[in-house]
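Colleague: pasting the structure only:
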């Protein structure tokens, strides 16, 4: 009963078994018997950390450092706790001290890199990951983290190379597959992205983020039913994930299921009242349901939450245009384009507003800009054809209607309209 090391050893066994409460009781007893035993404080701090009690963990790490100021482990673990609290500068100071005391501590370089990464100092983070990899070329986690930093710096190719290496070293590295899939998606290589998402899900069928990313990819590809199945799975795994409800709502909206979309947007907003995109998307549903007042209220709220939200300004412009307030609509489209220079819909809608005002040349310039951005969009060709026809520029009008007819695909109404306008030109 008076042998403190025995309590400390038994506490360590309980800790390893995951029984943190019993471990803490034994470390308490060890400390009562030997108040200057740094190891007991350190181990109790680790147990408190596992229970999520960071304040008590930090207090114990402080005591361990007071007793043994040359122990790099205490600084390392205090850095971990400070990082989790968001005290990044203090965490970096602790990792600095751990590295000074143990210059070959791979984990300290990696964790300090994580702290710099969280601060947005990507270059310093990469330098720390470089050092960790130099010390241990088989350290998969450092390659993974360095990939994150390269990706955020915009060097996607370097990011993929690092995730390749992480997977080579650890073929079961789920997050590396997921992040590499996101990178391939970013590069437009949807086949490889899908393969990586599939592999992440095979390795961890409970990985909600992998279903989420794969669902978005299926949405982009137009496989709406598969996208819905993936978003359903995300919601089953993460029922409080507002983004999953929003994306499932987008998918329902694209399928024309406005009621289901509205329910999902409502739920997304309930979970995250500051979710600007969900307000905007719900506004689109209200607009399609011929409820412009509710639509406008949602667009206004989206802009309030996100003042640089170009899509919301464009959508608000459409409401004003529908009301016949063309000048106010043009102001909204101007704002959308100022925020997002390649906003094709804003150019088309602004062109429509100028067309309605009788300013055909300005309308044509906007339709042309939309075509530069989206050269396969039949709407911009069709609308520009109408403007040319109004100016009796028959050949230009005919070319645009023919191009719209080529591109309209399954858009039956667009095909019919383009053909009708071509027939009018022939009649004339």
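Modeller: Looks like it came in fine. Keep in mind that what you see is a predicted model, and the values were worked out from it rather than measured.

Colleague: Could you identify the helix or strand that succeeds the helix or strand harbouring residue 15?
Modeller: Assigned by DSSP states H and E, residue 15 belongs to helix 4-17. As assigned by DSSP H and E, the chain's next helix or strand after helix 4-17 is helix 20-33.

Colleague: So which bits of that next one are buried?
Modeller: 20, 23-27, 29-31, 33 (16 or more other Cβ atoms under 10 Å). Glycine gets a C-beta too; all of them are placed from N, C-alpha and C.

Colleague: Spell out the secondary structure type for residue 154.
Modeller: coil (DSSP: H, G, I helix; E, B strand; the rest coil).

Colleague: what pLDDT does it get?
Modeller: For residue 154, the pLDDT comes out at 95.

Colleague: distance of it from residue 114?
Modeller: For residue 154, the distance to residue 114 equals 20 Å [Cβ to Cβ, to the nearest Å].

Colleague: Mind checking which of the two has more residues around it?
Modeller: Each of residue 154 and residue 114 has its neighbours counted (other Cβ atoms under 10 Å); residue 114 has more, 24 against 9.

Colleague: so that one makes contact with residue 145?
Modeller: Yes: the criterion here is Cβ atoms under 8 Å, and residue 114 meets it with residue 145 at 6.3 Å.

Colleague: Residue 278 and residue 307: what is the separation?
Modeller: The spacing between residue 278 and residue 307, counted by Cβ to Cβ, is 17 Å.

Colleague: Those two: which is more packed in?
Modeller: Legend: neighbour count by other Cβ under 10 Å for residue 278 and residue 307, higher for residue 278 (29 against 12).

Colleague: Disregarding residues adjacent in the polypeptide, which is nearest to that one?
Modeller: residue 268 (4.1 Å; Cβ to Cβ, 6 or more residues apart in numbering).

Colleague: For the strand or helix carrying that neighbour, which outside residues touch it?
Modeller: Element membership for residue 268 (DSSP H and E) is helix 258-271. With contact meaning Cβ atoms under 8 Å, 6 or more residues apart in numbering, helix 258-271 is reached by 240-243, 245-246, 248-250, 252-253, 275, 278-279, 281-282, 285, 288-289.

Colleague: Pull out the buried positions in it.
Modeller: 258, 260-265, 267-269, 271.

Colleague: now do stretch 171-186
Modeller: Buried, per 16+ other Cβ under 10 Å, within stretch 171-186: 173-185.

Colleague: before we move on, the earlier item: closest one to residue 209 out of the buried residues of helix 20-33, please.
Modeller: residue 20 (27.8 Å; Cβ to Cβ).

Colleague: Okay, the closest one and residue 174: tell me how far apart.
Modeller: Per Cβ to Cβ, residue 20 is found 26 Å from residue 174.

Colleague: tell me the mean pLDDT for stretch 358-366?
Modeller: The model assigns stretch 358-366 a mean pLDDT of 97.

Colleague: And the contacts of it?
Modeller: Outside stretch 358-366, the residues touching it (Cβ under 8 Å, 6+ apart) are 347-348, 350-352, 354-355, 383-384, 387-388, 390-391.

Colleague: go again using 7 Å as the cut-off
Modeller: 347, 350-351, 354-355, 384, 387-388, 390-391 (Cβ atoms under 7 Å, 6 or more residues apart in numbering).

Colleague: Likewise for stretch 170-179?
Modeller: With Cβ under 7 Å, 6+ apart as the contact definition, stretch 170-179 has outside contacts at 140, 144, 147-148, 163, 166-167, 196, 199-200, 203-204, 207, 209-210, 213.

Colleague: Pull up the distance across that stretch, start to finish.
Modeller: End-to-end span of stretch 170-179 (Cα to Cα, to the nearest Å): 14 Å.

Colleague: top helix in the chain by residue count?
Modeller: helix 412-427 (DSSP state H).

Colleague: Could you list the buried residues of that helix?
Modeller: Within helix 412-427, the residues scored as buried using 16+ other Cβ under 10 Å are 414-415, 417-418, 421-422.

Colleague: Just name whatever secondary elements the strand or helix carrying residue 244 is in contact with.
Modeller: Using DSSP H and E, residue 244 falls within helix 242-254. Packed against helix 242-254 by the contact rule (3 or more Cβ pairs under 7 Å, 6 or more residues apart in numbering; DSSP states H and E) you find helix 208-221, helix 224-237, helix 258-271, helix 276-288.

Colleague: Using JSON lines, lay out the ones you listed together with mean pLDDT and distance to residue 125.
Modeller: JSON lines is the format used below for these (pLDDT from 0 to 100; distance: least, Cβ to Cβ, whole Å):
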{"stretch": "helix 208-221", "mean pLDDT": "97", "distance to residue 125": "22"}
{"stretch": "helix 224-237", "mean pLDDT": "98", "distance to residue 125": "29"}
{"stretch": "helix 258-271", "mean pLDDT": "98", "distance to residue 125": "32"}
{"stretch": "helix 276-288", "mean pLDDT": "98", "distance to residue 125": "29"}
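
Colleague: So which of the ones you listed is the most surrounded?
Modeller: With neighbours taken as mean count of other Cβ atoms under 10 Å, the helices and strands packed on helix 242-254 reach their highest mean count in helix 276-288, at a mean of 23.

Colleague: I appreciate the help and will end here.
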